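> Okay, structure incoming, though there's no sequence with it:
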């Protein structure tokens, strides 16, 4: 139902065989991309996605490693004959930053709508994606994103019959619409059970650990979280550069009670990533190193 | 003496396993880069170069596939602790375009000097590179570049002795300096032979064939030239999009009497590149398909 693909796992600069951190979500034929560093359009192709169906781009912040691939990506969307508008969501200045980068992509065959984030928490619904943008703590204004696919409750046939609701009204009620019929008003809550557990993925780079992240990630099926550093002596550097260690990310995953953790946004100086995982797994067992192209298909639970 | 490395060979968009067209020249420990599309910094690393010694960047024009990698590249130079200034050369608007892209790379630990090209032919000498920028014919203002390493004539020991020039003056004269000694003036032309053949490489994308290219490329050891299309039915498209076919590039190589031709800037739709080379070689025998990382070390001829 919801496909998640981590396109790259590098922080700071793209490396041979490690693309910059970005992530794509696919639901119901529509795609949402978070971040678009240099090379993202190649990473997308390598992961088997095309740029055309990307309708929403969420930017965490405006450091080059998260946004430098945007003008080339927009051009490639244009070259693939996209004419439908796209929406770009980002912190304060999103229109100014994107327009400035478009000095080399001035003509596009589609419109761009901008949503500028200003509050600490913002909730946006687009094409079935329920997006929660939450402010985190980096050295510039930066947001994390939770992407949710909610799930309605079950349709209660017994209630519908007991209330004598005509069968032809069942479908609109199931879709959440109120219906007036022969002078009577029927509302969905008359026949729909409690909303069931949906799907939720939280993506967060670059930041120090924050309560906003812990709370936004709460109960996510998957948390994709930065782990810029892993070495013992790098905690101070993490604090200074407003990043996290693997262990800090694992702590958040544990506290937020997520299903699974993928680490990403690795420092270019980091080597032997696997070496640090036993310590990470002691904090949160279902933790994994992000890898370019790492893919997960999330389905609603059977119930 | 002069190293040339074609970093990528793609036109329009970077592809998995084919970087965008750009080229690096190394002479005397200094590097000059022509064009900097998305991914150029990774292509450089893959080709074994580091970004730090790049002191000159020449831009042909401001289409994204030739310049979108610039902000990330500048940041990576900064991250490698470069503090020496760099020079960026490009058509009208170079400072405006680069400054606009620097919205995501506002702070750099080095200065950028700009040289804006306005004439049809411009000659610039920087760090031993003799650069000839020449206007070509694309759908926006676009320049090709010839990079030359000139070579002085031989020092004529017999003349120096016959003229009674003291031995301690030989070195400064050889370096091209005029010297005054004991009331007499000695000039290099008294002891230096005719300038010998130097090294010359011409790089040109994106353009229709032009007499300016033919004349600038004249006698180059190597011509790196765009060949956007190769298929029989693509000549009209080449004319319309102001690009060239393989055969048009080969014709220029033949007329300009260059030593060797490398084709590059291939359309993403082109496949089976080799298939077209027999016809290319009928026009100009020493023609080769450019490949990402293709490298040539040019030495002064023995003479």
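Yep, that arrived. Nothing here was measured: the structure is a model prediction, and the numbers come from that model.
> is chain B contacted by stretch A:48-63?
Yes - Stretch A:48-63 lies within reach of chain B by C-beta under 8 Å from any C-beta of the partner chain, at A:62, A:63. Yep, even glycine has a C-beta here, placed from its N, CA and C like the rest.
> which stretches of the stretch 51-200 of chain A form strands?
Counting by DSSP state E, counting those that start in this stretch, the stretch 51-200 of chain A has strands at residues A:54-58, A:86-91, A:112-117, A:121-126, A:129-135, A:143-151, A:179-181, A:184-186, A:196-204.
> quick one: buried residues of the last one?
What it means is strand A:196-204. Across strand A:196-204, burial judged by 16 or more other C-beta atoms under 10 Å in any protein chain shown covers A:198, A:199, A:200, A:201, A:202, A:203, A:204.
> re earlier: TSV please, covering the strands of the stretch 51-200 of chain A and showing mean pLDDT.
Formatted as TSV, these follow (pLDDT from 0 to 100):
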stretch	mean pLDDT
strand A:54-58	97
strand A:86-91	98
strand A:112-117	98
strand A:121-126	98
strand A:129-135	98
strand A:143-151	97
strand A:179-181	92
strand A:184-186	92
strand A:196-204	96
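> Could you check how far residue A:23 is from chain B?
Distance of residue A:23 to chain B, given as C-beta to the nearest C-beta, to the nearest Å: 18 Å.
> Pretty sure that residue sits in a strand.
Yes - assessed by DSSP: H, G, I helix; E, B strand; the rest coil, residue A:23 belongs to a strand.
> Leaving out chain neighbours, which residue sits closest to it?
residue A:34 (4.8 Å; C-beta to C-beta, 6 or more residues apart in numbering or on different chains).
> I figured that neighbour hits residue A:145, correct?
Yes - between residue A:34 and residue A:145 there is a contact at 5.7 Å, judged by C-beta atoms under 8 Å.
> can you list the weak-confidence ranges in the stretch 201-303 of chain A?
Along the stretch 201-303 of chain A, the parts satisfying pLDDT under 70 run over A:303.
> Identify the residues contacting the closest residue to chain B within it.
Across the stretch 201-303 of chain A, the shortest distance to chain B (C-beta to the nearest C-beta) belongs to residue A:268, at 8.5 Å. Neighbouring residues of residue A:268 by C-beta atoms under 8 Å, 6 or more residues apart in numbering or on different chains: A:10, A:11, A:12, A:13, A:15.
> any chance of these in CSV, with secondary structure too?
Below are the contacts of residue A:268 laid out as CSV (three-state DSSP):
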residue, secondary structure
A:10, strand
A:11, coil
A:12, coil
A:13, coil
A:15, strand
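> Who wins on neighbours among those?
Highest neighbour count within these, by other C-beta atoms under 10 Å in any protein chain shown: residue A:11, with 28 neighbours.
> Nearest spatial neighbour of that residue, chain-adjacent residues omitted?
Using C-beta to C-beta, 6+ apart, the nearest residue to residue A:11 is residue A:265, at 4.0 Å.
> Close to chain B: what parts of the stretch 1-150 of chain A are there?
When proximity is defined as C-beta under 8 Å from any C-beta, the stretch 1-150 of chain A approaches chain B at A:12-16, A:37-39, A:41-42, A:45-46, A:62-65, A:67-69, A:71-72, A:75-76, A:79, A:96-97, A:100-101, A:103-105.
> If we go by neighbour counts, what in stretch A:68-82 is buried?
For stretch A:68-82, by 16+ other C-beta under 10 Å, it's A:68, A:69, A:70, A:71, A:72, A:73, A:74, A:75, A:76, A:77, A:78, A:82.
> just stretch A:249-261 next, same as before
Within stretch A:249-261, the residues that count as buried by 16+ other C-beta under 10 Å are A:249, A:250, A:251, A:252, A:253, A:254, A:255, A:256, A:258, A:260, A:261.
> quick one on the thing from earlier: how many neighbouring residues does the residue nearest to residue A:11 have?
With neighbours defined by other C-beta under 10 Å, the count for residue A:265 comes to 27.
> Please tell me how far it sits from residue B:130.
For residue A:265, the distance to residue B:130 equals 44 Å [C-beta to C-beta, to the nearest Å].
> returning to what we had before: need the buried residues of stretch A:68-82 in CSV with distance to residue A:165 and pLDDT, can you?
Converted to CSV, the buried residues of stretch A:68-82 look like this (distance: C-beta to C-beta, whole Å; pLDDT from 0 to 100):
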residue, distance to residue A:165, pLDDT
A:68, 55, 97
A:69, 52, 97
A:70, 50, 97
A:71, 54, 97
A:72, 54, 96
A:73, 49, 96
A:74, 48, 96
A:75, 52, 94
A:76, 50, 93
A:77, 45, 94
A:78, 49, 92
A:82, 43, 93
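> Sort out for me which of the residues you listed are in helices.
With helices taken from DSSP state H, the overlap with the buried residues of stretch A:68-82 comprises A:70, A:71, A:72, A:73, A:74, A:75, A:76, A:77, A:78.
> Tell me the one of those nearest residue A:6?
Using C-beta to C-beta, residue A:73 is the member of these that lies nearest residue A:6, at 16.9 Å.
> Report the contact partners of the nearest residue in space to the closest one that is not next to it in sequence.
For residue A:73, ignoring the flanking residues on the chain, the nearest one in space by C-beta to C-beta, 6+ apart is residue A:41 at 4.7 Å. Residues near residue A:41 by C-beta under 8 Å, 6+ apart: A:51, A:69, A:72, A:73, A:76, B:13, B:14, B:38.
> Got the confidence number for the last one?
To tie it back to what came earlier, the one meant is residue B:38. In this prediction, residue B:38 carries a pLDDT score of 97.
> Chain A versus that one, what's the distance?
Residue B:38 is 4 Å from chain A, where distance means C-beta to the nearest C-beta.
> So that residue sits against residue B:68, correct?
Yes - taking contacts as C-beta under 8 Å, residue B:38 lies within contact range of residue B:68: 4.2 Å.
> Tell me, how many residues neighbour residue A:100?
The burial count for residue A:100: 17, using other C-beta under 10 Å.
> Now list whatever residues contact both of residue A:34 and residue A:145.
The contact lists of residue A:34 and residue A:145 share A:58, A:60, A:203, where a contact means C-beta under 8 Å, 6+ apart.
> closest to residue B:295 among these?
Among those, and counting by C-beta to C-beta, the member closest to residue B:295 is residue A:60, at 38.2 Å.
> Could I get the pLDDT score of that closest one?
Residue A:60 carries a pLDDT value of 98.
> contacting residues around it?
Going by C-beta under 8 Å, 6+ apart, the list of residues near residue A:60 reads A:34, A:35, A:66, A:90, A:91, A:142, A:143, A:144, A:145, A:204, A:205, A:206.
> Now do residue A:90 against chain B, distance only.
Remark: distance between residue A:90 and chain B (C-beta to the nearest C-beta) = 12 Å.
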